[in-house]
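Peer 1: Please find the sequence and the predicted model below.
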Amino acid sequence: MSAKEIIAENFAPSQWFSLPRNSIRVVDWNIDRGFKLPSIVEFLGDTNADILTLQEVDINARRTNRINVAREIAQKLRLNYVFGREFVELTQGSKTDPAYHGQATLCRWKISSPRVIHFRLQSNFWQPHWYLPKIKPFQERLGGRIALTAKIDIGGVPLTSYNLHLESRANDELRLYQLEAVLRDAVECDPRQPIVLTGDLNLNASTPAAAEVLSRAGFRDVVPTARVPTTSPRHLLDAGRHIDWAFVSGPINAGNGQVHRSVKASDHYPISFDLGWPISSG
């Protein structure tokens, strides 16, 4: 594992390591690289969220002014964060000053044991090709889709977070394979501890094939994205897609799922839900 595959920094005040409120708020969002960072930070701050799972997060990319987007959000909201590298963006940096793209998980409490799950099956769409010039429109990359997992210690109660971004340039068969790789990993977790699985799945997880594998693994849908699209329309005849999802398993209650369709800071809408507290382990 290279030194840059996982980046972790802490900006949360130490008093937030104590017991949480009766419920905690989780927000999941594909932030479209962080192009509209001020509006992204404003929304996330207004939600007063305790855990954020973000996809399409840039670090040191020309298109987002060479900033570490995850760090900027964490510093402004006084959160801890861990970033998992999905791609090296070849047209956004250089050999001596590379640019990265991936997922970030942020929260008020201690984050430990971060890991990147590399999916064995990947699309070759993003890989460099000899016949393509190395300029921005072609978006050539090194790497592949991942899941970022980590433990979050919520007042002494461990919670496992899986932050997913499944392949966009393929079919549902490949995406289901990638999803099943995460579910196989989750089987190894302590069943007495809660798991939260969120992200941009690039598929409608209410379809029978996806719903079956999730249900069989013990995961419950907590945001009604099967009824409410989570992406903005791409043209007049497009109603948007149902591709951003949140699931929980284990001894945890979840409710108040919402798609925030009034937020225009990305081509995806943020989704949010509450986790009930206390969490019973009995």
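Peer 2: Thanks, I have it. Residues are numbered from 1 along each chain as shown.
Peer 1: C-alpha from now on. contacts and neighbour counts both.
Peer 2: Noted.
Peer 1: Could you look up the next helix or strand downstream of the helix or strand where residue 212 lies?
Peer 2: Of the helices and strands defined by DSSP states H and E, residue 212 is found in helix 208-216. The helix or strand immediately downstream of helix 208-216 is strand 220-221, counting by DSSP H and E.
Peer 1: Could you pull out the strands in the stretch 101-250 of the chain for me?
Peer 2: For the stretch 101-250 of the chain, applying DSSP state E, counting those that start in this stretch gives strands covering 110-118, 141-143, 146-154, 157-165, 195-200, 220-221, 244-249.
Peer 1: need the least confident one among those strands, by mean pLDDT.
Peer 2: For these, mean pLDDT drops lowest on strand 141-143, to a mean of 90.
Peer 1: re earlier: is it possible to get JSON lines of the strands of the stretch 101-250 of the chain that adds distance to residue 102 and mean neighbour count?
Peer 2: Supplementary listing: the strands of the stretch 101-250 of the chain in JSON lines, determined by distance: least, C-alpha to C-alpha, whole Å; neighbours: other C-alpha atoms under 10 Å:
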{"stretch": "strand 110-118", "distance to residue 102": "10", "mean neighbour count": "18"}
{"stretch": "strand 141-143", "distance to residue 102": "10", "mean neighbour count": "17"}
{"stretch": "strand 146-154", "distance to residue 102": "8", "mean neighbour count": "23"}
{"stretch": "strand 157-165", "distance to residue 102": "8", "mean neighbour count": "23"}
{"stretch": "strand 195-200", "distance to residue 102": "12", "mean neighbour count": "24"}
{"stretch": "strand 220-221", "distance to residue 102": "24", "mean neighbour count": "20"}
{"stretch": "strand 244-249", "distance to residue 102": "16", "mean neighbour count": "25"}
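Peer 1: Next, format the ones you listed as TSV and append distance to residue 184.
Peer 2: Output for the strands of the stretch 101-250 of the chain, formatted as TSV (distance: least, C-alpha to C-alpha, whole Å):
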stretch	distance to residue 184
strand 110-118	11
strand 141-143	22
strand 146-154	12
strand 157-165	12
strand 195-200	13
strand 220-221	16
strand 244-249	14
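Peer 1: who wins for proximity to residue 65 among those?
Peer 2: If you check each of those against residue 65 by C-alpha to C-alpha, strand 141-143 wins as the nearest, at 18.4 Å.
Peer 1: Parallel or antiparallel, list what pairs with that closest one.
Peer 2: strand 80-89 (antiparallel) (DSSP bridges).
Peer 1: Quick one: mean pLDDT over the partner strand.
Peer 2: For strand 80-89, the mean confidence score works out to 96.
Peer 1: swap in stretch 268-280?
Peer 2: Per-residue pLDDT over stretch 268-280 has a mean of 83.
Peer 1: Would you mind naming the residues that bridge with residue 157?
Peer 2: Listed beta-bridge partners, residue 157: residue 154 (assigned using DSSP bridges).
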